[in-house]
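Student: Pasted the sequence and its predicted model underneath.
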Amino acid sequence: MRAVVQRCAEASVTIGTGEAARVTGAVERGLLVYLGVGQDDTENDASYLADKIAHLRIFMDADEKMNLSLLELGYGVLVVSQFTLYADARKGRRPSYSGAAGNEKAEALYEYFCTCLGRLGVHAETGKFREMMDVRYTNEGPVTILLDSGKAF
């Protein structure tokens with residue numbers, strides 16, 4: 001399972017266009033997490049990444065050092081599914097997504113990841129699985145961290 005974690009001042013996801021557009025998830029301060037699920041991923045990968053993200057010390061303390069976590073500050077997370085994190089562009093010009101999990105498995109593990117965050121005490125907002133989404137955010141810092149559960153075990 002892969003995650004792109006971005007510290008943000010605000011983030012939101014909108015689906016639809018024109019008058020049909022609606023915000024499906026938003027956080028004022030916290031993290032924007034793009035989450036990709038791989039073919040071999042399990043609930044262990046999801047719980048590992050949820051725990052890692054909840055405890056990641058990337059927010060400033062009083063001394064302006066990145067020393068505080070979401071949990072310590074009570075911030076939320078906007079989680080957006082993104083199968084393109086499994087893009088393989090080594091050959092040719094069109095990326096292959098064969099490493100990404102199928103829709104059913106990916107959605108189940110995406111939802112499980114969000115459940116794990118909730119169990120840890122982190123409020124998680126979401127995009128809409130398998131929908132085209134407009135993601136708006138202000139990356140704070142900027143701070144962007146790449147996590148891969150496959151490199152953890």
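Tutor: Everything's here; your move.

Student: What residues of stretch 139-153 count as buried?
Tutor: For stretch 139-153, the neighbour count (16 or more other Cβ atoms under 10 Å) marks E140, V143, L147, S149 as buried. Using the backbone N, CA and C atoms, a C-beta is placed for each residue, glycine as well.

Student: In strands, which of those residues appear?
Tutor: E140, V143, L147 (DSSP state E).

Student: for these, which one is nearest A62?
Tutor: E140 (16.8 Å; Cβ to Cβ).

Student: That closest one and P95, how far apart?
Tutor: 29 Å (Cβ to Cβ, to the nearest Å).

Student: what do you get for G38?
Tutor: Relative to P95, G38 is positioned 15 Å away (Cβ to Cβ).

Student: who's more crowded, the two?
Tutor: Using other Cβ atoms under 10 Å as the criterion, G38 and P95 rank with G38 on top: 21 against 13.

Student: Would you confirm that that one contacts Y86?
Tutor: Yes - contact criterion Cβ atoms under 8 Å: G38 and Y86 qualify, at 5.7 Å.

Student: what touches both of these two?
Tutor: R2, G99, A100 (Cβ atoms under 8 Å, 6 or more residues apart in numbering).

Student: Now do the helices in the protein.
Tutor: 43-55, 70-73, 103-119 (DSSP state H).

Student: Next, name the residue at the spatial heart of the chain.
Tutor: Closest residue to the average C-alpha location of the chain: V33 at 2.1 Å, with Cα atoms, centre = their mean.
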